[in-house]
Every structure is written in structure tokens, then in C-alpha cells.
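Novice: For reference, the sequence and a predicted model appear below.
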Amino acid sequence: MRKVVLVTGANSGIGLALCERLLAHDGQIQLCLACRNMQRAEAARLALLASHPESQVALLQLDVGSVRSVFQAAKEVKLRYNRLDYIYLNAGIMPNPQLDIKAFFKGLFSSNVINMFATAEGILTQKDNINSDGMQEVFATNLFGHYLLVRELEPLLCQPDSISQVIWTSSSNARRSAFSLEDIQHQQGTEPYSSSKYASDLVSVALNRRHNHQGLYSSVICPGLVMTNMTYGILPSFFWSLIMPIMWLIRIFTNTFTLTPYNGAEALFWLSLQKPESLDPLAKYHSLTSGLGKNYTQPHKVSEETQYLISSSLTQPQQKRNYIKLTPGLQ
Ligand SMILES: NC(=O)C1=CN([C@@H]2O[C@H](COP(=O)(O)OP(=O)(O)OC[C@H]3O[C@@H](n4cnc5c(N)ncnc54)[C@H](OP(=O)(O)O)[C@@H]3O)[C@@H](O)[C@H]2O)C=CC1
Ligand SMILES: CC(C)=CCC[C@@H](C)[C@H]1CC[C@H]2C3=C(CC[C@]12C)[C@@]1(C)CCC(=O)[C@@H](C)[C@@H]1CC3
């Protein structure tokens, strides 16, 4: 049977590289590129068909940052397919990133330097926007739209006698200290990206608790530092050109500098080959590239603090928590 695979944010970067790798491995899959911009989506489809002319690549209009669009897209998916084997929740944004140069140089000469290059801890902030649904844009795009999509597609993902995988592109930038249950949209802080990725790690655990018995398994990955539209937005382009040789040099010492979208997609691709029952629901799977350019995937257990948060908060009755302050339009 032809597996059905849906990928959000499939028209560029890690998402597009993943599609290329999935088709190279199995040209029989039914691949659905879920993108907000249909011109960019069509360009991606043509690029994929150029290297895999026999493959089945469909397009789906989806803006994960819009509740209306998510409902429409989910409706369309339910009309088109009667099963969904893999759903890659990969679309993501990091608007108005600000690099703290002083903190960066301080970190460069500290014992924390490796961690700083792997996670950007303490050196990166963002300025979030409010979207047309009245929600924080980063939360809505990176987390909430994807969560809604999974909820809407439950009937396809939880088919009797079949297994499905939900795979989130999270980040090692996800940090407990950036996330608060009292402010899950991160209205108050300056690290909405980190907060949204941490929240996706938590939601993935919750999905496993809720749906494993129905054959739905959820996992999170970190692609490492990959040069894509998102990362190019952090520094001016001339600066990236200047430091690129240094980046390749750093890569010899740290396996988290995967740098190319192909390498970054390693853990996403690797997960598609695993028996989901054998995966650790409390692990984040990292794409890593050795100094000699060898790609591999490694699980990293979530911190004890996170495990505590999961067991203390996710087990409480949902209605006790006012997780999302819905806007009047959404209520
Ligand atoms: N690059 C890196 O170092 C890392 C990236 N990640 C994560 O990887 C994922 C992919 O990012 P990456 O490939 O790097 O960056 P890109 O900017 O290349 O890809 C992001 C993709 O998400 C899409 N997207 C953004 N907003 C929406 C939306 N509202 N609805 C639908 N699609 C949307 C973009 O579409 P469009 O072209 O229309 O903008 C694009 O296809 C993200 O979740 C990111 O957080 C995690 C860790 C490290
Ligand atoms: C290499 C040199 C000399 C300078 C680059 C400094 C920063 C721009 C760079 C260092 C660590 C990077 C990093 C990310 C972005 C670029 C850095 C801050 C991410 C935050 C990108 C998105 C993610 O999700 C993280 C996994 C990355 C973590 C490391």
C-alpha cells in the first residue's frame, strides 16, 4: 500500500530536503506538500518531480498560522485521503531575530561555548507579532496551528489496525526557562521561538499519552544548525558570507553544525524508518554531522525538570487550566 506523507513548510529548507530524501528512499509514497504560498509550493513540486519523475507529489494550501486555513486544509485532506501514515510538522518562523553581540563574545570565551553554538542560549531574542486571529504569531505558527491540524486529522491518524507518526521539527533552542504555563503564547517575554519549541516538546509527550493506544506516535527532533531562509534572516547576508568559512571550521569540533538542509533532515528521515513503538517518547532526536561529514541521529532525554513538568501538569484535568486565551472570534 502506498504510504501517505504530509509535510508542512515543504517548499524550502529542511522540509524540502526531507521530501527529496523520502522520495529517494521510496518513490511509491503519496507525498503532500502543505504550504502557504502556492507559487513556492509549485516550484518545490517541480524540483522534486525533476529528480523523481514517476513520483506522486500533491499540493495543499495551508497557512498554519491561520485557524481558518488549518480547518479548511484538514477538511481537504479528509476528502483526498483515507489514511495518513506520516505527518511532519515542520513549518516554522523566527521573526525579527536579534543577536546579542556582547553576550555572544562573552560566551565565546567561556566554558559554555559549545552549548552556546548548539543552542544559542542567552544570545538570541525575537520580536513577535500579533496575527489576524489575534494570537502571538510564533505560538500560532510553530505550535497551535500544527496542534489543531493533528486534532482535526485524528480520524485519519488513528485508523484501526494501522500505525501513524506525527513528527515535530523542534529545536535545541527550546528551553524550560523560556516557557510558562501562565503565558503559553509568550506575550510577555522575548524568546517566543524557544517557548514555542519547548511547548511542542510537551505537546508531543501529551499526544503520546493520549493516542499511543490508537496507534498514533509522536516524536520531536532537532535538525542542528542549518543554513536556511530562517537562519539567513539572523545576520546580514554579507556577514554570513564572511563567517561561512568559520562555520565550516567550527563544524569539525561540534556535531550540531549540520549546516545543509540534507544533513538537517537526517533525524526526520531516520524516524520514518523506525518502528514507532520502539521510540522513546521522552527523547528529542538530534540530527548530527561528524567532522568527517557523516550523518547520524542521536536521542537526548528531556531534562528532569521537564519530566517533572510533564508529570505534574499534563496529568491535571484540562479544564482546570486556562491554556489559551481565545480571541472573541475564536470562542
Ligand atoms: N535552520 C535551523 O538551523 C533550524 C530550524 N529548525 C526548524 O526547522 C523548521 C524548518 O525551518 P527551516 O527549513 O530552517 O527554514 P525555512 O524558512 O527554509 O523553512 C520554513 C518553512 O516553513 C514555512 N512556513 C512558515 N510559516 C508558515 C505558515 N504560516 N504556514 C505554512 N508554512 C509556513 C515556510 O514557507 P514560506 O516559504 O512560505 O515562508 C518554509 O517553507 C522550522 O520549524 C524551524 O524552526 C529547528 C532548528 C534549527
Ligand atoms: C559562527 C559564528 C562565528 C557566528 C554565528 C553566531 C550566531 C549567528 C549563531 C551561533 C549559534 C547559532 C544557532 C542558531 C542561529 C544562529 C546562531 C545563533 C539557532 C538558534 C537557529 C535555530 C535553531 O532552532 C537552533 C537549533 C540554532 C542554535 C544555534
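Specialist: Nice, thanks for sending it over. Ligands and ions are numbered 1, 2, ... in the order given.
Novice: And Leu282, how close does it get to Glu304?
Specialist: 10 Å (Cβ to Cβ, to the nearest Å). C-betas here are computed from N, CA, C, even on glycine.
Novice: Which one's more surrounded, those two?
Specialist: Shown here are Leu282 and Glu304; by other Cβ atoms under 10 Å, Leu282 has more neighbours (17 against 8).
Novice: The more buried one: what's it in contact with?
Specialist: Each residue near Leu282 by Cβ atoms under 8 Å, 6 or more residues apart in numbering is listed here: 205, 301-302, 307, 310.
Novice: Using pLDDT, spot the least trustworthy of these.
Specialist: Within the set of the contacts of Leu282, pLDDT is lowest for Gln307 (78).
Novice: Show me which residues of the stretch 101-250 of the chain are close to ligand 1?
Specialist: Counting by Cβ under 6 Å from any ligand atom, the stretch 101-250 of the chain comes close to ligand 1 at 141, 169, 171, 222-223, 225-226, 228-231.
Novice: Can you add neighbour count and distance to ligand 2 and give the contacts of Leu282 back as TSV?
Specialist: Shown next, in TSV, are those (neighbours: other Cβ atoms under 10 Å; distance: Cβ to the nearest ligand atom, whole Å):
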residue	neighbour count	distance to ligand 2
Val205	20	19
Lys301	11	18
Val302	22	16
Gln307	13	21
Ile310	18	21
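Novice: host element of Gly18?
Specialist: For the record, residue 18 is Leu, not Gly. helix 13-25 (DSSP states H and E).
Novice: Any idea how many residues pack against the residue in the stretch 51-200 of the chain positioned nearest to ligand 1?
Specialist: Closest approach between the stretch 51-200 of the chain and ligand 1, counting by Cβ to the nearest ligand atom: Gly92, at 2.2 Å. Using other Cβ under 10 Å, Gly92 has 26 other residues around it.
Novice: can you check Ile246 too?
Specialist: The burial count for Ile246: 9, using other Cβ under 10 Å.
Novice: List the residues that contact Pro155.
Specialist: With Cβ under 8 Å, 6+ apart, Pro155 has these contacts: Lys78.
Novice: Could you measure from it over to Val77?
Specialist: For Pro155 relative to Val77 (Cβ to Cβ), the value is 10 Å.
Novice: repeat for Val57
Specialist: 15 Å.
Novice: The residue nearest to Leu18 when sequence neighbours are not counted: what's it in contact with?
Specialist: Nearest residue to Leu18 in three dimensions, chain neighbours excluded: Ala265, at 4.1 Å (Cβ to Cβ, 6 or more residues apart in numbering). By Cβ under 8 Å, 6+ apart, Ala265 lies in contact with 14, 17-18, 21, 223, 287.
Novice: and the two most separated of these?
Specialist: Arg21 and Pro223 (12.3 Å; Cβ to Cβ).
Novice: okay, those two: which has more neighbours?
Specialist: Pro223 (28 against 17).
Novice: Which residue is the nearest non-sequential neighbour of the more buried one?
Specialist: Nearest one to Pro223, counting by Cβ to Cβ, 6+ apart, is Gly264 at 3.4 Å.
Novice: and the residue minimising distance to the centre of the chain, what are its bridge partners?
Specialist: Central residue of the chain (Cα atoms, centre = their mean): Thr169, 2.1 Å from the mean position. On the basis of DSSP bridges, Thr169 is bridged to Ile221.
Novice: who's in contact with it?
Specialist: Contacts of Thr169 (Cβ under 8 Å, 6+ apart): 9, 14-15, 88-90, 92, 221, 223, 268.
Novice: can you do 10 Å?
Specialist: Residues near Thr169 by Cβ atoms under 10 Å, 6 or more residues apart in numbering: 7-9, 13-15, 18, 88-92, 142, 146, 197, 200, 220-223, 264-265, 267-268, 287.
Novice: now swap in Met230 and tell me
Specialist: Counted by Cβ under 10 Å, 6+ apart, Met230 has contacts 9, 12-14, 92-95, 97, 193.
Novice: Please report how far it lies from Asn255.
Specialist: From Met230 to Asn255 the distance is 20 Å (Cβ to Cβ).
Novice: Equivalent analysis for Asn90, please.
Specialist: Relative to Asn255, and taking Cβ to Cβ, Asn90 is found at 21 Å.
Novice: With neighbour numbers in mind, choose between these two.
Specialist: Asn90 (25 against 19).
Novice: that older thread, phi, psi for the residue nearest to Pro223 please.
Specialist: phi -60, psi -30 (degrees, to the nearest 10).
Novice: ok, it - how many residues close by?
Specialist: Neighbours of Gly264 (other Cβ under 10 Å): 26.
Novice: hang on, isn't it packed against Thr297?
Specialist: No: counting by Cβ atoms under 10 Å, Gly264 stays clear of Thr297, with 11.4 Å between them.
Novice: quick one: common contacting residues for the two?
Specialist: Joint contacts of Gly264 and Thr297 (Cβ under 10 Å, 6+ apart) are 221, 287.
Novice: Tell me if I am right that Tyr285 is in a strand.
Specialist: Yes: according to DSSP: H, G, I helix; E, B strand; the rest coil, the state of Tyr285 is that of a strand.
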